[in-house]
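1. Sequence and predicted model, in that order:
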Amino acid sequence: MTTTTTDHCLFLRSEAETDRLGQSLAPLLRAGDTLLLWGEIGAGKSALARSIIRAICGEETEVPSPTYTLVQTYPAPGGEIWHSDLYRLGDAQEALELGLLDAFDNAICLVEWPDRLGPDLPSDALQIHLTATPDGHNARLSLTSAWAGRLTGALASVR
């Protein structure tokens, strides 16, 4: 079965607009949802993940980068949030060892450097492609029909 996706593009002029995107996405997320955060170093992946986590867990929540720990977990209403940075993974098999594939079913997962998952990318994930520009960040959200229905209106509030 082929999944149809549509792209929704946003230009985020500031960290405040990135925060607004995270705050708009956060209330729509539930256990079993995965966001794949694509982009080079400095593209805004960690800033967006931090905004989502703080919107769910509280503004005072400390959100360190999981670059060296690979995964940080946060207790949240309705389940856990798994924030992972897979940049340092050598191969997709290491994701299995982290327990990440099981978390896809039971937690809200925010995955930086999802290309490291190889064939284990969840097909129903919301994919967010971030690109740094001199004036801000471009965000391209690739929405499956299930995500498009959930995100209608939420994305309009970011602009």
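-> That came in fine, so what should we check first?

2. going forward, measure contacts and count neighbours with C-alpha atoms only.
-> Noted.

3. Mind giving me the packing neighbours of the strand or helix carrying Leu21?
-> Assigned by DSSP states H and E, Leu21 belongs to helix 15-25. Helices and strands touching helix 15-25, by 3 or more C-alpha pairs under 8 Å, 6 or more residues apart in numbering; DSSP states H and E, are helix 45-57.

4. May I have the helix or strand that the helix it packs on is followed by as PDB, with CA atoms only?
-> For helix 45-57, the following helix or strand on the C-terminal side (DSSP H and E) is strand 71-76. This file holds the C-alpha atoms of strand 71-76, laid out as PDB (Å, rounded to 0.1, in the frame of the first residue of the first chain):
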ATOM      1  CA  VAL A  71      18.500   9.100  24.100                       C
ATOM      2  CA  GLN A  72      16.900  11.300  26.800                       C
ATOM      3  CA  THR A  73      13.500  10.300  28.200                       C
ATOM      4  CA  TYR A  74      10.900  12.500  29.900                       C
ATOM      5  CA  PRO A  75       7.800  11.500  31.900                       C
ATOM      6  CA  ALA A  76       4.800  13.100  30.400                       C
END
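
5. Now tell me what touches strand 71-76 from outside.
-> Strand 71-76 has contacts (C-alpha atoms under 8 Å, 6 or more residues apart in numbering) with Ile53, Ile56, Cys57, Pro66, Glu80, Ile81, Trp82, His83, Ser84, Asp85, Leu98.

6. Mind picking the lowest-pLDDT entry from those?
-> For the contacts of strand 71-76, the weakest pLDDT value sits at Pro66, with 83.

7. tell me the contacts of it?
-> Residues near Pro66 by C-alpha under 8 Å, 6+ apart: Gln72, His83, Ser84, Asp85.

8. Which of the contacts of strand 71-76 are buried, as a PyMOL select command?
-> Buried subset of the contacts of strand 71-76, written as a PyMOL selection, criterion 16 or more other C-alpha atoms under 10 Å:
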select buried, resi 53+56+57+66+80+81+82+83+84+85
